[in-house]
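**Q** no sequence for this one, just the structure:
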């Protein structure tokens with residue numbers, strides 16, 4: 001399908017067409033429809049779903065099952081959440097409890113950022129960062145090290161202060177750095193391998209406002225020459241490119257402090273209308289731009305909570321390399337533009353601060369993240385991913401756990417220094433492999 005045709009179809013498809021297959025996900029028992037992720041590229045094999053209404057019910061259900069997986073908001077593009085057996089849904093665990101004195105909020109395992117943020121803001125607080133989409137769950141985003149952007153902002157999991165999980169035995173275990181020591185850093189980005197997350201406690205900070213500006217058509221050479229200054233110009237900075245004509249199509253700058261919104265920024269011109277990252281699409285579903293001040297949760301995501309960013313007919317990949325290699329890595333990908341262009345909808349380039357979470361792609365390294373939103377042509381994308389990974393291999397590339405990649409288990413072990421310790425932790429907490437599936441077996445436990 002040609003890009004413009006694909007975009008037209010995606011725009012015309014309504015939210016009903018996307019959500020239709022999930023109308024029975026909240027019902028107990030066998031589900032008649034084929035169960036898929038939100039993009040529709042993964043068809044889950046399990047046909048039964050148990051929605052738990054309480055932490056205790058979740059514990060009893062887990063205790064009785066020989067094998068299962070927790071089903072979240074279904075935003076992963078690979079089979080990390082797949083199960084051949086049964087699914088547990090924690091959507092009903094929707095509690096939100098704010099501790100103003102401790103500056104923390106504790107949420108149930110089914111709470112999304114979109115549901116959480118207004119309540120936190122109303123209490124005078126904010127989260128340090130948000131992802132592009134507010135529709136994802138706190139537990140799922142933390143488990144896969146999903147991230148926003150910012151030179152000094154860690155991924156979303158870095159806000160986690162406590163976790164409560166249902167272990168394979170059905171036991172509820174609450175852990176923090178105080179109670180779990182170094183294992184806490186192993187458990188936060190748990191990839192669904194350790195247990196079912198029933199509660200998450202996040203650090204808060206005082207509420208703040210953000211202004212968002214977009215610049216168009218910045219020459220790639222200028223962007224690279226001034227990359228450091230550009231990344232430091234805002235609280236969160238995203239570069240969108242289609243890798244054509246050696247240019248950055250759009251630069252999105254989300255500024256907490258006053259920002260000098262000049263008409264030109266390193267060769268890019270300030271936009272005079274709201275834009276979608278994919279220029280051909282309407283900006284109706286995007287968060288407000290043009291420097292209009294708004295609450296932190298109304299500007300940090302790219303897309304509004306009340307809308308879907310598209311019909312979901314897309315594929316996504318994302319790769320992390322050390323921040324110090326940013327220019328070299330971007331140029332390495334740019335060399336593949338003839339192959340990338342025909343399959344690509346858009347790429348986003350962001351920076352993320354280092355952390356100490358064992359399975360985070362940013363483990364002990366400030367990182368550059370290069371994201372690809374593909375047309376939904378998996379055979380063609382599958383052939384292209386190894387070429388991108390080869391270009392980025394000299395930089396020790398690490399893939400996003402919830403997106404599509406072909407990096408082998410051997411390569412993952414060489415690039416995630418704590419992977420063997422994580423596998424050992426998972427075996428200790430789940431010795432029978434109750435939460436283990438084919439994805440985890442292949443990428444985490446193979447050879448371990």
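**A** Perfect, thanks for sending it. Since the model is a prediction, treat every value here as computed from it, not as a measurement.

**Q** Only the buried residues of stretch 38-46, if you could.
**A** For stretch 38-46, burial by neighbour count (16 or more other C-beta atoms under 10 Å) applies to 38, 39, 40, 41, 42, 44, 46. Using the backbone N, CA and C atoms, a C-beta is placed for each residue, glycine as well.

**Q** so for that stretch, what's the average pLDDT?
**A** Here stretch 38-46 scores 92 as its mean pLDDT.

**Q** residues in contact with it?
**A** The contact list for stretch 38-46 (C-beta atoms under 8 Å, 6 or more residues apart in numbering) reads 18, 21, 34-37, 69, 71, 73-79, 81-87, 312-316, 376, 378.

**Q** mind running it again at 6 Å?
**A** Contacts to stretch 38-46, defined as C-beta atoms under 6 Å, 6 or more residues apart in numbering, come from residues 34-36, 74-75, 79, 82-87, 312, 314-315.

**Q** same thing with stretch 168-176?
**A** For stretch 168-176, contacts defined as C-beta under 6 Å, 6+ apart pick out 59, 62, 63, 162, 163, 164, 165, 166, 167, 184, 430, 434.

**Q** Chain neighbours aside, what residue packs nearest to residue 224?
**A** residue 327 (4.7 Å; C-beta to C-beta, 6 or more residues apart in numbering).

**Q** Pretty sure residue 346 sits in a strand.
**A** Yes: when DSSP: H, G, I helix; E, B strand; the rest coil is applied, residue 346 is found to be in a strand.

**Q** Tell me, how many residues neighbour it?
**A** 20 (other C-beta atoms under 10 Å).

**Q** Now do it against residue 333, distance only.
**A** Distance of residue 346 to residue 333, computed by C-beta to C-beta, to the nearest Å: 13 Å.

**Q** Give me the buried entries from the contacts of stretch 38-46.
**A** 35, 74, 75, 79, 82, 83, 86, 87, 312, 314, 315.

**Q** from those, which is closest to residue 255?
**A** Distance to residue 255 across the buried ones among the contacts of stretch 38-46 (C-beta to C-beta) is lowest for residue 75, with 27.2 Å.

**Q** Contacts only, for the closest one.
**A** Residues near residue 75 by C-beta under 6 Å, 6+ apart: 38, 136.

**Q** in a helix, that's where it is, yeah?
**A** No: counting by three-state DSSP, residue 75 is not found in a helix; it is coil.

**Q** How about the residue lying closest to residue 133 once chain neighbours are set aside: which residues does it bridge to?
**A** Using C-beta to C-beta, 6+ apart and skipping residues adjacent in sequence, the residue nearest residue 133 is residue 303, 5.7 Å away. With DSSP bridges applied, residue 303 shows beta-bridge pairing to residue 286.

**Q** isn't there a helix covering residue 422?
**A** Yes: using three-state DSSP, the assignment for residue 422 is a helix.

**Q** residues contacting it?
**A** Applying C-beta under 6 Å, 6+ apart to residue 422 gives the contacts 186, 358, 359.

**Q** repeat for residue 364
**A** By C-beta under 6 Å, 6+ apart, residue 364 lies in contact with residue 354.

**Q** about what we covered before: which pair of the buried ones among the contacts of stretch 38-46 spans the longest distance?
**A** Greatest spatial distance in the buried ones among the contacts of stretch 38-46: 86 and 314, 28.3 Å, computed using C-beta to C-beta.

**Q** so what does the strand ranked longest in the chain touch, helix or strand wise?
**A** Taking DSSP state E as the criterion, the chain has its longest strand at strand 209-219. Contact partners of strand 209-219 among helices and strands, from 3 or more C-beta pairs under 6 Å, 6 or more residues apart in numbering; DSSP states H and E: strand 247-255, strand 268-270, helix 296-299.

**Q** got a list of contacts for it?
**A** 247-248, 250-256, 261, 265-271, 275, 289, 291, 293, 296, 299.

**Q** Filter these down to just the buried residues.
**A** Neighbour counting by 16+ other C-beta under 10 Å classes 247-248, 250-256, 265-268, 270-271, 275, 289, 296, 299 among these as buried.

**Q** buried residues in the longest strand of the chain?
**A** By 16+ other C-beta under 10 Å, the buried positions in strand 209-219 come out as 210, 211, 212, 213, 214, 215, 216, 218.

**Q** can you check stretch 179-192 too?
**A** Buried residues in stretch 179-192, counting neighbours by 16+ other C-beta under 10 Å, are found at 180, 183, 184, 185, 186, 187, 188, 189, 190, 191, 192.

**Q** could you pull out the helices for the stretch 301-448 of the chain?
**A** Here the stretch 301-448 of the chain has its helices, by DSSP state H, counting those that start in this stretch, at 326-334, 337-340, 378-392, 409-415, 419-429, 438-440.

**Q** Figure out which of those is closest to residue 352.
**A** Shortest distance between residue 352 and the helices of the stretch 301-448 of the chain, using C-beta to C-beta, is found for helix 326-334: 11.6 Å.

**Q** Run the angle between that closest one and strand 247-255 for me.
**A** Using axes from the mean of the first three to the mean of the last three C-alpha atoms, to 10 degrees, the inter-axis angle of helix 326-334 relative to strand 247-255 is 140 degrees.

**Q** Direction-wise, compare helix 326-334 with helix 378-392 and give the angle.
**A** Using the same axes, to 10 degrees: helix 326-334 against helix 378-392 is 140 degrees.

**Q** Lovely, talk soon.
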